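Student: only geometry, no sequence info:
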C-alpha cells in the first residue's frame, strides 16, 4: 500500500506495505545506558546466532528504510496514472505486480543468486523445495489479501481512515504475534516508540479532518492489517530458521499476486484508455521497478533479519515520504499536521533503529568468550 495524502489517489499493491509499528533491541540482553529496556527483546542467541545476526542487522535496517521511502513514491506515480487514464486501482495493482515479476525474473536470470557467507542451511522435516513453494504461496496470498482488503477499506470508508486503521493496527498485531510466536517482547522503550509512531501517523493522515468512519471499511482495514502482520511475522520466522531465499520468494510471490488479481483486473478493465500512452507507460514502469521490484526485494531481505515490530515502524516512512512528495511535487499545502506527524514518526523510526543496532552489539558482547 502506498499513501500520499487525503487528496492524492491511493495506489495499488501494498507496502507492506506498509503499515505500522513498534519496538526495540534485537536480542535478549541487558539494557544499555541510553535507557533501552532489557526486556525490549529476548530473542535467543541459540536461535539467531551472532555470526548471522550481527553483520546483517545494520544492512537490514538500511534496506527497510530505503523500501519504506520508495513505497511512498508509488502514490504520486499512481496519481499521475489515474489522472492521465481511466485505469482502476486493481488493474494498476495487477500491472505493478506483473511488471515487478518480469523485472525481478530478468534480473535473477542475468545475475544468478550467490549464497551469502552468513546464510545457514534450513532444518526441519520438509524438503527445501516444499519449504520454498510454501513460502512463495503463503507470501503471495498474504500480499493479495493485504492489497485487496486495503482497497476495499479505502472504497468503503475513505483513504484517510482506511490508511490509519490498516497501518495503525499492523504494529499492534505484529507486536502481539512476535511475543506469542517469536519470543520478541516489546519493552518500555519500544512501547514509547510505537505510541509516538501511531500518534504521528494519526496526525499526519487525519490532521486535515473531514474523515468518515464506517464499520465495514474498518473491518476491511483490519483484515488488510492482519495479512500484513502475518506476512511480516512469517518472513521473520523463516529468516530465523535459515535457508530462506528472500529474492526468490519475492520474484515468485509477485507471480502468485498477479495470478490472483488477474480476474479482478480483467473485470475492472485491464487496458486503460488514455490520450497520453507514453506518460502512463512511463509511470507504470517506474511503479513496477522502484517501489515494487526494488522496494519489496529490500523489504523481504530486511524483514528476515530485523525484529518484526521494528520492521513495522520503519516501514511507516512510507506515508512520510508520500507526504513530502505530495507537498513538493503535487502542490499540496504544507500544514502543521504534516510537519508534526512527520517529526513524530521520524523520531520513532530513529529511536528504534538505534535500539536495534545497540541490542545486536550488546548480544555479540554477551556471547563473546571471556
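Tutor: In hand now; what should we look at? Because the structure is predicted, anything quoted here is derived from the model rather than measured.
Student: Now residue 68: closest residue in space that isn't a chain neighbour?
Tutor: Of all residues beyond its chain neighbours, the one nearest residue 68 is residue 317 (3.4 Å), with distances taken as Cβ to Cβ, 6 or more residues apart in numbering. All C-beta spots, glycine's among them, are computed from the backbone N, C-alpha and C.
Student: again, but for residue 285
Tutor: Nearest non-adjacent residue to residue 285, counting by Cβ to Cβ, 6+ apart: residue 99, 7.0 Å away.
Student: residue contacts, that neighbour?
Tutor: Residue 99 makes contact with 284-285, 287-289, 292-293 under the criterion Cβ atoms under 8 Å, 6 or more residues apart in numbering.
Student: show me the contacts for the residue nearest to residue 68.
Tutor: The neighbourhood of residue 317, defined by Cβ under 8 Å, 6+ apart, consists of 65, 68-69, 72, 345-346, 349.
Student: out of the residues you listed, who's nearest residue 140?
Tutor: For the contacts of residue 317, the minimum distance to residue 140 (Cβ to Cβ) is 21.2 Å, reached by residue 68.
Student: Pull the distance from the helix or strand encompassing that closest one to the chain's centre.
Tutor: Applying DSSP states H and E as the criterion places residue 68 in helix 50-84. In this view, helix 50-84 has its centroid 8 Å away from the chain centroid, taken as Cα atoms, centre = their mean, to the nearest Å.
Student: Secondary structure element for residue 104, which one?
Tutor: Counting by DSSP H and E, the element that carries residue 104 is helix 89-110.
Student: Tell me the helix or strand right after that helix.
Tutor: Past helix 89-110, the next helix or strand by DSSP H and E is helix 128-157.
Student: if we can go back for a sec, the helix holding residue 68 - contacts with which helices or strands?
Tutor: With contacts defined as 3 or more Cβ pairs under 8 Å, 6 or more residues apart in numbering; DSSP states H and E, helix 50-84 has these neighbours: helix 89-110, helix 277-288, helix 295-303, helix 308-314, helix 317-328, helix 336-367.
Student: So for residue 157, which of those helices sits nearest?
Tutor: Using Cβ to Cβ as the criterion, the shortest distance between residue 157 and the helices and strands packed on helix 50-84 is 15.1 Å, found for helix 89-110.
Student: So for that closest one, what gets flagged as buried?
Tutor: In terms of neighbour count (16 or more other Cβ atoms under 10 Å), helix 89-110 has its buried residues at 89-104.
Student: Tell me the one of these nearest residue 215?
Tutor: Nearest to residue 215 among those, with distances taken as Cβ to Cβ, is residue 89, at 21.8 Å.
Student: right, and the closest one touches residue 151 too?
Tutor: Yes: under the criterion of Cβ atoms under 8 Å, residue 89 makes contact with residue 151 at 5.3 Å.
Student: where are the low-confidence patches of the stretch 101-250 of the chain?
Tutor: 112-126, 159-160, 186-190, 204-213, 241-246 (pLDDT under 70).
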